[in-house]
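Chemist: give me coordinates for this.
(2 chains)
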Protein chains: 2
Amino acid sequence: MGKKNLYIIIIGCGKLGAFLANEFSKIGDSVVVIDKNGRKFSKLSVDFSGFRIEEDALDEDILIEAKIDQADVLICASNDDDTNIMIALIAKRIYETPVVISRLYEPTKTEFLEKHDVKVISPLHLSVQEYKQIINGYRGK
Amino acid sequence: MGKKNLYIIIIGCGKLGAFLANEFSKIGDSVVVIDKNGRKFSKLSVDFSGFRIEEDALDEDILIEAKIDQADVLICASNDDDTNIMIALIAKRIYETPVVISRLYEPTKTEFLEKHDVKVISPLHLSVQEYKQIINGYRGK
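Modeler: Residues are numbered from 1 along each chain as shown, chains lettered A, B, ... in the order given. A predicted model of the protein is given here:
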């Protein structure tokens, strides 16, 4: 298929971070998960073959330890929008990480991040789209 | 266009509930928003033309006050999954509300709700799909 395995760094091992870490590890990607709360790593599956770093990724030394300069993808999935934004910008602007994706609960900063070539995932907007699709489907009947 | 306006009850006036309430009110639907915390109604736009009920929708009398028997759509968007599940089931099973949609943060009960003809919106699953699409797009390059 010509598909390559990737080196993926994930910030935050909450529900979303852990789910993605498990998925990408399963298909053979190299995954590093960073969370300052080590208990969160319990969400990783027993088969998870990547690395765990129990530190605050806002400390740039930690990103360097995680080999940010070699990463194909950085996923910012911490529960704090500001943390996600700051790390996403550092990765994109300083380390030129090819793909940087950040979750934002509060989507007002979406445009700003997109200008810096950071892709934004807004659970709010995604949910709104789904609701509208279901309801407008019913409305059209 | 033959599209009809709907009677829509929304449980929870958080970010998602308020956003949907504003949108549907704007296009002419009749909207009732229920939240036990009246301060949440400040998220409604000045143009919001629907009704606000400051009560706990787990109390079935409140659903009756909101005329659940006449609703086309019930949206469960409170921040508590169990609250959403219980109200969704009451609406679907007792009042036969045509369209019942519930947000679930923890998607393990999705199948159960879908069996009862409740549509489930999982911000987690929607976000995961988006991440995968972006990353697999890059992988394929």
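Chemist: switch to C-alpha atoms for all contacts and neighbour counts from now on
Modeler: Will do.
Chemist: ok, A:Thr83 - contacts?
Modeler: A:Leu58 (C-alpha atoms under 8 Å, 6 or more residues apart in numbering or on different chains).
Chemist: any bit of the top helix by length along chain A sitting next to chain B?
Modeler: Secondary structure of chain A per DSSP state H: the longest helix is helix A:123-139. Yes - judged by C-alpha under 8 Å from any C-alpha of the partner chain, helix A:123-139 comes into contact with chain B through A:123-124, A:126-128, A:130-131, A:135, A:138-139.
Chemist: of these - the most surrounded one?
Modeler: A:Pro123 (23 neighbours; other C-alpha atoms under 10 Å in any protein chain shown).
Chemist: where does chain A dip in pLDDT?
Modeler: Scanning chain A for pLDDT under 70 picks out A:1-2, A:141.
Chemist: the helices in it, which residues?
Modeler: Counting by DSSP H, chain A has helices at residues A:15-26, A:60-65, A:81-93, A:110-115, A:123-139.
Chemist: show me what counts as buried in the second one.
Modeler: Which is helix A:60-65. A:62-63 (16 or more other C-alpha atoms under 10 Å in any protein chain shown).
Chemist: show me which residues of chain A sit near chain B.
Modeler: Counting by C-alpha under 8 Å from any C-alpha, chain A sits next to chain B at A:2-6, A:15-16, A:19-20, A:73, A:99, A:101, A:121-124, A:126-128, A:130-131, A:135, A:138-141.
Chemist: can we see that at 7 Å?
Modeler: Chain A comes close to chain B at residues A:3-4, A:16, A:20, A:121, A:123-124, A:126-128, A:139-140, as judged by C-alpha under 7 Å from any C-alpha of the partner chain.
Chemist: which outside residues touch the longest helix of chain A?
Modeler: Applying C-alpha atoms under 7 Å, 6 or more residues apart in numbering or on different chains, the contact partners of helix A:123-139 are A:105, B:3-4, B:16, B:20, B:121, B:123, B:126-127.
Chemist: with distance to B:Phe51 added, can I get those in TSV?
Modeler: Shown next, in TSV, are the contacts of helix A:123-139 (distance: C-alpha to C-alpha, whole Å):
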residue	distance to B:Phe51
A:Tyr105	27
B:Lys3	22
B:Lys4	19
B:Leu16	17
B:Leu20	14
B:Ile121	24
B:Pro123	27
B:Leu126	30
B:Ser127	32
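Chemist: list the contacts for the residue nearest the centre of chain A?
Modeler: Compute the mean C-alpha point of chain A, and by C-alpha atoms, centre = their mean the closest residue is A:Ile75, 2.3 Å away. A:Ile75 makes contacts with A:9-11, A:100-102, as judged by C-alpha under 7 Å, 6+ apart.
Chemist: for those, give me JSON lines that also has neighbour count.
Modeler: Formatted as JSON lines, those follow (neighbours: other C-alpha atoms under 10 Å in any protein chain shown):
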{"residue": "A:Ile9", "neighbour count": "27"}
{"residue": "A:Ile10", "neighbour count": "25"}
{"residue": "A:Ile11", "neighbour count": "29"}
{"residue": "A:Val100", "neighbour count": "26"}
{"residue": "A:Ile101", "neighbour count": "25"}
{"residue": "A:Ser102", "neighbour count": "26"}
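Chemist: of those, closest to chain B?
Modeler: A:Ile101 (7.7 Å; C-alpha to the nearest C-alpha).
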